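> heads up, no residue letters with this:
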């Protein structure tokens, strides 16, 4: 039988239930797969809490996984039973031992990438890829600021930016996380609970500011992030772990140096099949070349996903986390 973490209402981690579920045969254009590892991401918290509403309840959350194809539906020619595959993105439903998935959202895993690595890196790694290479194209000599540098996306993105020739400044919450970030590409770390990160950034850039700020924290850092930018710099707001930014005057962008602001998502950047495959291939190449190392620092049984969510929200995790069915 198949099991899954389902929510019947939105709320805290306590709304997640380990339940037996029925998995149907794949329809046209679909694949049935058995998960070997599932990724934990902050978007899962947003779905569980209701910040990002799901289409209907009850629902199975989770946006990232890896496993083995069990069966394919009519019209599916790119995959066959036994293939190792991974995915990141809609539709939700990864917190399950088995699921049916649209074939066009899957990618085959190369031999050098393990299932556990894939589940730990597909969403976070392809996020880092579009942040570094498409939203703002990091150039040699750029100085960048990355908030939550010791988090899952942060550790990957800092390595990637360093491989592109950037000077990397990262904010972190503890000295232990600062050490971790420095080991993964950060040239300078700032303890943002204890230090004024705006002043620190200005000091580190001789008053100029950085080319780009990558901010997944949201409400707590948003306005100060603008103050870290050089004229014509870009703020990339791609998350809101401290809460959403609820009001903002666009005139501030002009006042602070004709700044750019964007709120990107992986779903838009990989909506087209060609873009998905290119992003995954870029990520696989970066990992295979050791330009980017994937750190799986926490593992939980899938049935204990609520405990994983509590640790994630309490900022007790670093790097990537996977759930094992």
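Sure, I can see it. Keep in mind that this is a model prediction, so the values were computed, not measured.

> tell me the domain boundaries of the protein?
Following the assignment in automatic domain parsing, the chain carries domains at 2-122+273-324, 140-263.

> Export the ones you listed as CSV, with columns for distance to residue 128 and mean pLDDT.
Glycine gets a C-beta too; all of them are placed from N, C-alpha and C. As requested, the domains of the chain are arranged in CSV below (distance: least, Cβ to Cβ, whole Å; pLDDT from 0 to 100):
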stretch, distance to residue 128, mean pLDDT
domain 2-122+273-324, 8, 96
domain 140-263, 4, 94
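
> Make a markdown table from those and add distance to residue 131 to it.
Formatted as a markdown table, these follow (distance: least, Cβ to Cβ, whole Å):
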| stretch | distance to residue 131 |
| --- | --- |
| domain 2-122+273-324 | 11 |
| domain 140-263 | 6 |
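
> Kindly state the pLDDT recorded for residue 268?
In this model, residue 268 is scored at 95, pLDDT.

> Can we start the residue count at 21 from this point?
Got it, first residue is 21 now, which makes that one residue 288.

> ok, and it, which helix or strand is that part of?
When secondary structure is defined using DSSP states H and E, the element that contains residue 288 is helix 286-289.

> List of residues touching that helix?
Residues external to helix 286-289 that are found in contact with it (Cβ atoms under 8 Å, 6 or more residues apart in numbering): 108-110, 143, 146-147, 150, 154-155, 295, 299.

> can you rerun that using 7 Å?
Residues outside helix 286-289 that contact it (Cβ atoms under 7 Å, 6 or more residues apart in numbering): 108-110, 143, 146-147, 150, 154, 295, 299.

> Buried ones among those residues?
For these, burial is judged from neighbour counts taken by 16 or more other Cβ atoms under 10 Å, and it is met by 108-109, 143, 146-147, 150, 299.

> Going by distance to residue 215, which of these wins?
The shortest distance between residue 215 and any of the buried ones among the contacts of helix 286-289, using Cβ to Cβ, involves residue 147 and amounts to 26.4 Å.

> which residues touch the closest one?
For residue 147, the set of contacting residues under the criterion of Cβ under 7 Å, 6+ apart consists of 173, 286.

> Would you mind identifying the next helix or strand past the strand or helix carrying it?
Using DSSP H and E, residue 147 sits in helix 135-150. The C-terminal neighbour of helix 135-150 among helices and strands, as given by DSSP H and E, is strand 163-166.

> The stretch 21-170 of the chain: helices as residue ranges?
Assignment of helices within the stretch 21-170 of the chain using DSSP state H, counting those that start in this stretch yields the ranges 62-69, 135-150.

> Between those helices, which one is closest to residue 228.
Checking the helices of the stretch 21-170 of the chain against residue 228 by Cβ to Cβ gives helix 135-150 as the closest, at 24.8 Å.

> got the angle between that closest one and helix 62-69?
Regarding helix 135-150 and helix 62-69, their directions subtend 100 degrees when assessed with axes from the mean of the first three to the mean of the last three Cα atoms, to 10 degrees.

> Switch the contacts of helix 286-289 over to CSV; also include distance to residue 319.
Written out in CSV, the entries for the contacts of helix 286-289 read as follows (distance: Cβ to Cβ, whole Å):
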residue, distance to residue 319
108, 18
109, 22
110, 25
143, 17
146, 21
147, 21
150, 27
154, 31
295, 30
299, 25
